[in-house]
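>>> Provide a 3D model corresponding to the input given below.
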Amino acid sequence: MADDLTAHLLRRAGFGASSDDLATFAPLSYAAAVNRLINYDSIPDDVDSKLGQAGFLGTTSNGPFSPNTVINDARQRWVFRMLHTDRPLQEKMTLFWHNYFATGYTKVAGATSAIDGTRLMAAKRTEDAKGQRGQMDLLRDNAMGSLRDLLVAIAQDPAMLIWLDGNTNTKNNPQENFGRELMELFSRGVGFYTESDVYAAARVFTGWNLRIDRGATDGSNVYSFVYNAGNHETAPKTFSFPIYNDGSTTIPSRAASAGMQDGLDLINALAMHPETARRVAGKLYAFFVSETVPADPSFMTQLATTYLQNGSSIRPVLQTLLQSPRFTDPGVFFTRYSWPVEYLVRSMKETGWTGFSAGTTLTPLVNMGQQLFEPPDVAGWDLAQSWFSTGKMLARMNFASTLSLNQKFRLATAAASAKQSPDALVHFMLSRITPASSLSMLGDLNVYAASAAWTGSDTQMQTKASGLAHLILGSAEYQFL
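Coordinates of the predicted model:
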């Protein structure tokens, strides 16, 4: 049970487990494994330094690999990070926030340039020549911090300012997009605000604009948040819910020079509202526990209370969730539909990646319905069963074929101890590539493995091991985490 539980933890709080991952976590108790995942700050974040090194997933680029300025290179770097990071929960939460604060590259690049659009989405500040920070860098750095701080940061993020038109929000023309999504998607949720609240929120954020420091024509502009006092409406703004602890629903009139506090007051009120706590708890439950097993209301109250008692900090909420009987219950194992990128990275972790390229994953991800840095709209991707149309499932099966054939020599070598019989090979492959258990699937695999006279030759092992990998990765049972 302990091994099954650790595997469950690594599927949900990471992207599955490679043999190296299993070796790291096998000596740990479950509580110690959770602590290692959650308290990752002491573990070096040096995964990007391994790009291009032997033994790691390869990359493919038109010209020098430049993930800070070329969007497909940025996508490859993120797949690489998911596969090789020693801080998998940080990367998993980055993916969670990418969907929560869904921002699309195409609109950002259309308002800037292909180079600057990539920088605004994916640049690492420490690597960018002018210190541009990409949204993904922001989300990763704040992955486990307070939602309140993250809301302030995302409200000032240049990519978000472009995505939700904050760069055009002025007192003469209040722009409602960010204020609406702040309440509907980023905090309290649908049904907990009015249209008058939307207009008030738009006025709150007037003057929260975008600054562009023009550089050379090679795309080296620097984009940053700026508060333009002259663009801020100073009149009071009244909401249908309390903004302050005394129950007041009105943000008072302020001088324009102090008007930025309007936005901070609204964010504080929303971040610490009980409905926000419940909504965040529900999102985390669906992401980490199950989309198909209903949440116990008392458990959701516990998570929401933990959120509020810790000033909207995510880390203690996840600590509570991952150590709870709800998460460790075998009844919730394999009850969440895997997102395309989760499926893809887990497949590589369990099957292998030697000689494979992250570039080979980009088209399959699009065909599966998930292009990184390009959620379809501000609400993010449609989740759960929406991932599984006939075409999207075919894309998964095609990727399974590509990967298993690419890894056939490695798989045959790894399975050398199981070459004595078809049954032994099936059991080895199911210990390496781990779908939900199914007697019908086991029967199908046994039929395939024994479909020819058994010799255990190198050629037969290569064919059968890769064939079994293809069948397992493409099975219905493997699509669940």
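
>>> Look up the closest residue to residue 377, ignoring the ones flanking it.
residue 102 (6.9 Å; C-beta to C-beta, 6 or more residues apart in numbering). Heads up, the C-betas are built off the backbone N, CA and C, glycines and all.

>>> Run a quick neighbour tally on the one you found.
Using other C-beta atoms under 10 Å, the number of residues around residue 102 comes to 18.

>>> So it: helix, strand or coil?
coil (DSSP: H, G, I helix; E, B strand; the rest coil).

>>> so it makes contact with residue 374?
No. Counting by C-beta atoms under 8 Å, residue 102 stays clear of residue 374, with 9.4 Å between them.

>>> Look up how far residue 139 lies from the residue nearest to residue 377.
Distance, residue 102 to residue 139, using C-beta to C-beta, to the nearest Å: 11 Å.

>>> How is the chain partitioned into domains?
2-275, 340-479 (automatic domain parsing).

>>> close enough to count as contact, residue 142 and residue 150?
Yes. Under the criterion of C-beta under 8 Å, residue 142 makes contact with residue 150 at 4.7 Å.

>>> Show me which of those two is the more surrounded one.
Taking other C-beta under 10 Å, residue 142 and residue 150 do not tie; residue 150 has more neighbours (25 against 20).

>>> mind listing what the residue nearest to residue 131 when sequence neighbours are not counted touches?
Residue nearest to residue 131 in three dimensions, not counting chain neighbours: residue 125, with 5.4 Å by C-beta to C-beta, 6+ apart. Counting by C-beta atoms under 8 Å, 6 or more residues apart in numbering, residue 125 touches 131, 132, 133, 134, 137.

>>> Among those residues, name the ones in helices.
Within those, residues falling in helices by DSSP state H are residue 137.

>>> possible to save the contacts of residue 125 as JSON lines with neighbour count and pLDDT?
Output for the contacts of residue 125, formatted as JSON lines (neighbours: other C-beta atoms under 10 Å; pLDDT from 0 to 100):
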{"residue": "131", "neighbour count": "11", "pLDDT": "92"}
{"residue": "132", "neighbour count": "23", "pLDDT": "94"}
{"residue": "133", "neighbour count": "22", "pLDDT": "96"}
{"residue": "134", "neighbour count": "26", "pLDDT": "97"}
{"residue": "137", "neighbour count": "20", "pLDDT": "97"}
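
>>> where does the stretch 201-350 of the chain dip in pLDDT?
Filtered on pLDDT under 70, the stretch 201-350 of the chain yields the residue ranges 216-219.

>>> so where do the helices sit in it?
260-271, 274-288, 297-309, 314-322, 325-328, 340-351 (DSSP state H, counting those that start in this stretch).

>>> For residue 164, which of the ones you listed is the nearest?
Set against residue 164 and scored by C-beta to C-beta, the helices of the stretch 201-350 of the chain come closest in helix 260-271, at 13.5 Å.

>>> how close does residue 79 sit to residue 212?
Relative to residue 212, residue 79 is positioned 31 Å away (criterion: C-beta to C-beta).

>>> neighbour count winner among these two?
residue 79 (24 against 14).

>>> my guess is that one contacts residue 57, does it?
Yes. Using C-beta under 8 Å, residue 79 is in contact with residue 57, at 7.3 Å.

>>> between those two, what contacts are shared?
residue 358.

>>> where exactly do the strands run in the chain?
208-213, 222-227, 237-238, 250-251 (DSSP state E).

>>> so which of the ones you listed gets nearest residue 89?
strand 222-227 (28.3 Å).

>>> Could you list the alpha-carbon positions for the closest one in PDB?
Provided in PDB are the C-alpha atoms of strand 222-227 (Å, rounded to 0.1, in the frame of the first residue of the first chain):
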ATOM      1  CA  VAL A 222      10.800  46.300 -21.800                       C
ATOM      2  CA  TYR A 223       7.200  46.000 -20.500                       C
ATOM      3  CA  SER A 224       6.300  46.800 -16.900                       C
ATOM      4  CA  PHE A 225       3.300  47.800 -14.800                       C
ATOM      5  CA  VAL A 226       2.800  51.500 -14.100                       C
ATOM      6  CA  TYR A 227       0.300  53.300 -12.000                       C
END
